[in-house]
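Engineer: predicted model and sequence below, questions to follow.
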Number of protein chains: 2
Amino acid sequence: MSNTLKGACIFGQSGGPTSVINASAYGVIRTALDSPEITRVLGAAHGIRGVLDDKLYDMGLEDEYELSLLMNTPSSELGSVRYKIADPDVDDTDYKRILEIFKKYDVRYFFYNGGNDSMDTCEKISRYMTRVNYDCRVMGVPKTIDNDLFGTDHCPGFASAAKYIATTCMEISKDANVYDKGQITIVEIMGRHAGWLAGSAGLASHFGAGPDLVYLPETAFDIDTFVADVTEIYKSKGKVLVAVSEGIHDKDGKLISEYGSDIAGEKDSFGHAQLGGLAVYLASVIKGRTGAKVRGIELSLLQRAGAHLAAKADVEEAFLAGKTAVEAAIAGETGKMVGFDCTRGKQGYTCATKLLPLKDVANFEKKVPLEWIAPGGRGVTQEFVDYVLPLIQGTVERPTEYSLPRYAKLKKILAK
Amino acid sequence: MSNTLKGACIFGQSGGPTSVINASAYGVIRTALDSPEITRVLGAAHGIRGVLDDKLYDMGLEDEYELSLLMNTPSSELGSVRYKIADPDVDDTDYKRILEIFKKYDVRYFFYNGGNDSMDTCEKISRYMTRVNYDCRVMGVPKTIDNDLFGTDHCPGFASAAKYIATTCMEISKDANVYDKGQITIVEIMGRHAGWLAGSAGLASHFGAGPDLVYLPETAFDIDTFVADVTEIYKSKGKVLVAVSEGIHDKDGKLISEYGSDIAGEKDSFGHAQLGGLAVYLASVIKGRTGAKVRGIELSLLQRAGAHLAAKADVEEAFLAGKTAVEAAIAGETGKMVGFDCTRGKQGYTCATKLLPLKDVANFEKKVPLEWIAPGGRGVTQEFVDYVLPLIQGTVERPTEYSLPRYAKLKKILAK
């Protein structure tokens, strides 16, 4: 069949890691190794950087058991990169080099796993290869804890981070309530432009042990209103738990985290406020205005690396996304990203894959619909909870060693 | 038998919470409810504060299933307190009030669950009741993530926090290594005087995915040596992961975290550095001296509330400690704390309970032996790992609701 294309593949990981991105890696690598059309499976060290630098691991030389442990290993095992590639119509230097590498290894399949920027990279490579008439199928595999990729029900990585955030907020709410003296606790959550992660703290509230207030970056944040919100609850309950997105900003779009940096910039050459972040800044504001005992907690890397709490559904869907990308490419698809179509409600949760043109996905951000944010911008609605809850279901049987996680140990042998 | 004492019991929780302290609560409450000698089981709201305020919950009115969920519920469900009770020989005001309450409810058993200070409270109450000839048996149930209680192999609560810290450090080490550009990450861990928790980050290193440097509060910390240690590893590996105890101090005993507050006190009226804590301060120092990308992460409340990662051994031992306290008191013991005698090594891990006089336990702190700290004070030895590892074994079957933790919901009906 004329559709058949035989050659090597390159797989790369890009952008911020998640706790299940390596499940997608395993989905791609395992499926590719098992496919006769794919003659060799190469893993790029640090994404597109590894292609440019000719630093490619021969995945066929790895032990199968160790490869399978990628299902259990957080972060991007092949290494990630933040590299904004030029528009090939403006500067094709990088693309010429990529083509050179593709030819060197007879690469006919390119799979790239990442978020918005990575899909943009993918789309540009796809466009360039078409233009220079190099026969190569380019597929995007979605990944982002931010859940902001356009055209898909959700993104692999989001659900496990959401589950981590909801569980941790429940635990914090138990701990922060323990003393007879009042306390105000502020938890800072990732998500610069979209509030999917911060909103997931609202799942904890939904189950009765979560934040009193949840602030998403989709609506403008006003410091005085915030202080009033907190003070009101503090007066009635004696305790307040707040969850905020790192991306909250004022009505002019200025990040609230920058307020802290401004003050620090004036007064403190060590840049404490900048490093201390938003939670510390808001805690200091609340302490100054209320005199209450306050504590700022930043969930930091923990929320995106917490593989021990990964949702089973998320791990399986991450694997499925990688597998589908390979199968679709072999079947002749190119220039597409794998996405999900899901059902919820009465018919139960189902998740099916679909393919989206990369050009429709790249550089769009999907935010939380305003009607899913509670009035006053201080929480999420039942619709938000109903959307997220099916995604976080199930726990994963994790291989351990002395009750600690047993991660994949890859040999990472460079391809010759 | 003359040994038999019939009457009500009061149980209270005190000091910083842990993820398994409620398993001890269930051990006490369940055993007491099942014992014919104990006529009524009262839970003190916020420890000794609840006794003084006559705020006692009738635990016999709770649903058995909800009570059993205490095994799964982090933090101190009855509420905790930090209240330093006077020496009864100096000021017996509080003790007269306690005696009044004991007489009101015919309390003949008092069980108090906490750390050093709580054992001190326990010992004073025991001493006072003996002096005034009020027949009452007073027993301490150990609890502290700090693991610094004297005379016992280890304390319930420590192992689950240690497991949380080791697991989280493994996850952070995976995430912090992901980019091709260098990064220095500093993780701040609880434990003001004893380095058991910070040292537990060394378990992650032992399994190949942990901090390069671990600093305990048992040895003096020098900023310049620290910068040199970090810089050396950064130059060779390009990445450094550091774990520090919140209690690290210089050779004069001054806390390093106070260095940050000093600078902030001079320059920043918002007190950012003080709130931002040690990790943020050390990150700012390293950034200033090396120019590297740095990140400070404070494990904060998460490490002591992370019940979802609780060690099975710890949960079971916490329950056992509570149960043993009740059984020993009924058998005639008083003025004692339950402790553990353990074996390790060839014969395997075993844990047996014992009783220690409260006066021997109260106000002593058990620190990490200096010979268990690696040369240069930058890690822990194999002996440390061999000590901690058996304690963190096993995972707990946790009841969940929609894949989120299902905690105990107590009615907390005040006793009349």
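Structural biologist: Noted; the coordinates are in hand.

Engineer: now stretch A:6-14: mean pLDDT?
Structural biologist: When pLDDT is averaged along stretch A:6-14, the result is 98.

Engineer: let me fix that: stretch A:145-155
Structural biologist: 96.

Engineer: mind listing what's buried in that stretch?
Structural biologist: A:145-155 (16 or more other Cβ atoms under 10 Å in any protein chain shown). Bear in mind the C-beta positions are built from the backbone N, C-alpha and C, glycine included.

Engineer: determine which two of the residues you listed are furthest apart.
Structural biologist: The span of these, defined through Cβ to Cβ, is set by A:145 and A:151 at 17.9 Å.

Engineer: how many residues are close by residue A:281?
Structural biologist: Residue A:281: 29 surrounding residues under other Cβ atoms under 10 Å in any protein chain shown.

Engineer: which elements pack onto the strand or helix carrying it?
Structural biologist: Taking DSSP states H and E as the criterion, residue A:281 maps to helix A:272-290. On a contact count with 3 or more Cβ pairs under 8 Å, 6 or more residues apart in numbering or on different chains; DSSP states H and E, helix A:272-290 meets strand A:183-189, helix A:223-237, strand A:239-245, helix A:256-267, strand A:294-298, helix B:256-267, helix B:272-290, strand B:294-298.

Engineer: and if we set it to 6 Å?
Structural biologist: Helices and strands touching helix A:272-290, by 3 or more Cβ pairs under 6 Å, 6 or more residues apart in numbering or on different chains; DSSP states H and E, are strand A:183-189, helix A:223-237, helix A:256-267, strand A:294-298, helix B:272-290.

Engineer: for the ones you listed, give me CSV that also has distance to residue B:243.
Structural biologist: Listed next are the helices and strands packed on helix A:272-290 as CSV, based on distance: least, Cβ to Cβ, whole Å:
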stretch, distance to residue B:243
strand A:183-189, 21
helix A:223-237, 33
helix A:256-267, 26
strand A:294-298, 17
helix B:272-290, 10
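
Engineer: among those, which is nearest residue A:7?
Structural biologist: strand A:183-189 (42.9 Å).

Engineer: what's the angle from the closest one to helix A:223-237?
Structural biologist: 130 degrees (axes from the mean of the first three to the mean of the last three Cα atoms, to 10 degrees).

Engineer: just the CA atoms of strand A:183-189, as CSV, please.
Structural biologist: Presented in CSV, the C-alpha positions along strand A:183-189 are these (Å, rounded to 0.1, in the frame of the first residue of the first chain):
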residue,chain,number,x,y,z
GLN,A,183,-4.9,31.0,61.7
ILE,A,184,-5.1,32.1,58.1
THR,A,185,-3.4,29.9,55.5
ILE,A,186,-2.7,30.8,51.9
VAL,A,187,-1.9,28.1,49.4
GLU,A,188,-0.3,29.1,46.1
ILE,A,189,-1.1,26.9,43.1
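
Engineer: residue A:39 against residue A:8, yeah?
Structural biologist: Yes. Between residue A:39 and residue A:8 there is a contact at 5.4 Å, judged by Cβ atoms under 6 Å.

Engineer: who's more crowded, the two?
Structural biologist: Applying other Cβ under 10 Å to residue A:39 and residue A:8 shows that residue A:8 carries more neighbours, namely 21 against 17.

Engineer: what strand or helix carries the residue nearest to that one when sequence neighbours are not counted?
Structural biologist: Sequence neighbours aside, residue A:40 is the residue nearest to residue A:8 in space, at 3.9 Å (criterion: Cβ to Cβ, 6 or more residues apart in numbering or on different chains). Using DSSP H and E, residue A:40 sits in strand A:38-44.

Engineer: that strand pairs with which strands, and in what direction?
Structural biologist: According to DSSP bridges, strand A:38-44 forms sheet pairs with strand A:7-13 (parallel), strand A:56-58 (antiparallel).

Engineer: make JSON lines from these and add distance to residue B:360 to it.
Structural biologist: Compiled in JSON lines, the strands paired with strand A:38-44 are given as follows (distance: least, Cβ to Cβ, whole Å):
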{"stretch": "strand A:7-13", "distance to residue B:360": "56"}
{"stretch": "strand A:56-58", "distance to residue B:360": "59"}
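
Engineer: among those strands, which is nearest residue B:96?
Structural biologist: Judging these by Cβ to Cβ, what sits closest to residue B:96 is strand A:7-13, at 68.0 Å.

Engineer: what sits up against the closest one?
Structural biologist: With contact meaning Cβ atoms under 6 Å, 6 or more residues apart in numbering or on different chains, strand A:7-13 is reached by A:28, A:32, A:38-44, A:47, A:76, A:78, A:80, A:105-113.

Engineer: from those residues, which would you call buried?
Structural biologist: Buried members of those, counted by 16+ other Cβ under 10 Å: A:28, A:32, A:38-44, A:47, A:76, A:78, A:80, A:105, A:107-113.

Engineer: show me what contacts residue A:39?
Structural biologist: Contacts of residue A:39 (Cβ under 6 Å, 6+ apart): A:7-8.

Engineer: what pLDDT is listed against it?
Structural biologist: 98.

Engineer: before we move on, what about the one 4 residues further on?
Structural biologist: Reading off the confidence values, residue A:43 has pLDDT 98.

Engineer: so how far is chain B from it?
Structural biologist: 14 Å (Cβ to the nearest Cβ, to the nearest Å).

Engineer: so what sits opposite that residue in the bridge?
Structural biologist: Here residue A:43, judged by DSSP bridges, has bridge partners residue A:11, residue A:57.

Engineer: how near is the closest residue to residue A:249 other than its chain neighbours to residue A:152?
Structural biologist: Spatially, and ignoring its direct neighbours in sequence, residue A:249 is nearest to residue A:255 (5.0 Å; Cβ to Cβ, 6+ apart). Here the criterion is Cβ to Cβ, to the nearest Å. By it, residue A:255 lies 27 Å from residue A:152.

Engineer: next: residue A:32.
Structural biologist: Counting by Cβ to Cβ - residue A:32 and residue A:152 are separated by 22 Å.

Engineer: cool, residue A:257 as well?
Structural biologist: As judged by Cβ to Cβ, residue A:257 and residue A:152 stand 29 Å apart.

Engineer: mind listing what's buried along stretch A:207-214?
Structural biologist: Going by neighbour count (16+ other Cβ under 10 Å), the buried part of stretch A:207-214 is A:207, A:209-214.

Engineer: show me which of those residues neighbour chain B.
Structural biologist: Among those, the ones lying near chain B by Cβ under 6 Å from any Cβ of the partner chain are residue A:207.

Engineer: okay, the buried residues of stretch A:207-214 in CSV with pLDDT and secondary structure next?
Structural biologist: CSV is the format used below for the buried residues of stretch A:207-214 (pLDDT from 0 to 100; DSSP: H, G, I helix; E, B strand; the rest coil):
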residue, pLDDT, secondary structure
A:207, 92, coil
A:209, 92, coil
A:210, 96, coil
A:211, 98, coil
A:212, 97, coil
A:213, 98, strand
A:214, 98, strand
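
Engineer: just give me the closest of the buried residues of stretch A:207-214 to residue B:358.
Structural biologist: The closest of the buried residues of stretch A:207-214 to residue B:358 turns out to be residue A:209 (Cβ to Cβ; 34.4 Å).

Engineer: state the distance from the closest one to residue B:88.
Structural biologist: Per Cβ to Cβ, residue A:209 is found 39 Å from residue B:88.

Engineer: please apply the same query to residue A:153.
Structural biologist: Distance of residue A:153 to residue B:88, given as Cβ to Cβ: 65 Å.

Engineer: for residue A:285, same thing?
Structural biologist: Distance, residue A:285 to residue B:88, using Cβ to Cβ: 44 Å.

Engineer: just residue A:160 next, same as before
Structural biologist: Using Cβ to Cβ, residue A:160 is found at 53 Å from residue B:88.

Engineer: then residue A:17?
Structural biologist: 57 Å.

Engineer: settle it for me: which of those two has more neighbours?
Structural biologist: Higher neighbour count among residue A:17 and residue B:88: residue A:17, with 27 against 19, using other Cβ under 10 Å.

Engineer: helix/strand/coil for the closest residue to that one other than its chain neighbours?
Structural biologist: The spatial neighbour of residue A:17 that comes closest, neighbours along the chain excluded (Cβ to Cβ, 6+ apart), is residue A:75 at 4.0 Å. When classified by DSSP: H, G, I helix; E, B strand; the rest coil, residue A:75 comes out as coil.
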